[in-house]
Structures are given as structure tokens and as C-alpha cells.
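A.B. asks: Quick one, what's the 3D model for this:
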Amino acid sequence: MAEVSQDGGGKKGGKKRSKKASTKIDMTPMVDLGFLLITFFMLTTTLAKPVVMQLNMPDKTEKDDKSEVKMSETLTVMPDAEKVYYYQGLPTEASTQLQKTNYSKDGIRTVLFDYKRRIGDNFTIVIKATKGAKYKNMVDLLDECAITSNKRYAILEIDPDSEKLIKKSGL
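C.D. replies: Predicted coordinates for the structure are as follows:
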């Protein structure tokens, strides 16, 4: 453990000095304890589990199963870098009104809750990402679908009619 050694440390003649005691500490038990603690915490710590999003895909065994969706029960959402465009109906109809909102809880979440309350359980969201949309924007929109408990959504490529609707609206 620890020892104390006493040396006279002086010559025979001359002034008498007090003897200095030097200590020598054995660090082996401290190192052993350190390694035991490191091993204990490594074995008892749980690592963070990766956070994944559940994405339901249609079954590939079913052939030509095309279920009809009414456009009155569908909301088309187009995420962009800073804002989210949305409309109900077909983009080629003259009565289609394009609107915009943001990714906040008072933005697209409120819109999705409102449409789901009005339409009911048959509410379907069609997601068409614009060319300016980032991966984060798409994940944010899918998160909003999960938060608002919308289980019916489709992810499609943006069509030229939807792009024209955005350019024509000037939003």
C-alpha cells in the first residue's frame, strides 16, 4: 500500500536537521478499481436505439388492386424548402385554389387536422415534393402525418400540372 521511509540525509558534523519523511504510494489497487468501474459501466449501459420511421408499403403479391379515391377526400401537399403548398382537387381544374403554409405546428399540422376533421376517416394525403424540397422537408411532412394520425397517404413525383399551378399562383 503505502510506505514511509526515513532518511537521515545529512553529514555527521554540523547542524542537526529534522529527518524528512518521504512517502511512496502504491497505485496498483487504484488502477484495478478504475478498470473495474470502467468495465462495470460499459457492461451496464444501454446504447441509444436508432430512431426509425415506420413506412407502410403496399403488398406486392396483390395484382392490379387499384382502389378508387375521391378527389373530394384528397389533399395534395407539395413540400418546398421553406413552405408547403397544398390544394384539394385536380390541378387542371379552374376552381383549384393553391394555398401555402409553413412546417410549424400552427402551419401544416393545423391544416391536416382541419381537413381530417371535415372529411373523416377516408381522408387521403397525396405528397408531391417539389424540386426545391430537401430530405428534411419530406421527413417533417411524414412526421406531421404521423402526429395527426393520418394513415392514408401516397408519395408521388410532382407532375407538370402541379408545377404550373405553383408558378401561376405566384405564392
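
A.B. asks: Not counting its neighbours along the chain, what's nearest residue 148?
C.D. replies: residue 112 (4.4 Å; Cβ to Cβ, 6 or more residues apart in numbering). C-betas here are computed from N, CA, C, even on glycine.

A.B. asks: Can you list the neighbours in contact with the host helix or strand of the one you found?
C.D. replies: Assigned by DSSP states H and E, residue 112 belongs to helix 108-119. Here helix 108-119 makes contact (Cβ atoms under 8 Å, 6 or more residues apart in numbering) with 72-73, 75, 77, 84, 86, 88, 101-102, 123, 125, 141, 144-145, 147-150.

A.B. asks: Drop anything exposed from those residues.
C.D. replies: Buried subset of the contacts of helix 108-119 (neighbour count, 16 or more other Cβ atoms under 10 Å): 73, 75, 77, 84, 86, 88, 101, 123, 125, 141, 144-145, 148, 150.

A.B. asks: Now, those that are in strands?
C.D. replies: 75, 77, 84, 86, 88, 101, 125 (DSSP state E).

A.B. asks: Lowest pLDDT pick from those residues?
C.D. replies: Within these, pLDDT reaches its minimum at residue 88, with 85.

A.B. asks: so who does the closest residue to it other than its chain neighbours touch?
C.D. replies: The shortest distance from residue 88 to any non-neighbouring residue, by Cβ to Cβ, 6+ apart, is to residue 75 (5.5 Å). Shown in contact with residue 75 (Cβ under 8 Å, 6+ apart): 86, 87, 88, 111, 112, 115, 123, 124, 125, 126.

A.B. asks: Select the longest helix from the protein.
C.D. replies: The single longest helix within the chain, with elements called by DSSP state H, is helix 28-44.

A.B. asks: returning to what we had before: distance to residue 46 for the ones in strands among the buried ones among the contacts of helix 108-119 - can I get that in TSV?
C.D. replies: Shown next, in TSV, are these (distance: Cβ to Cβ, whole Å):
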residue	distance to residue 46
75	41
77	38
84	37
86	41
88	46
101	39
125	36
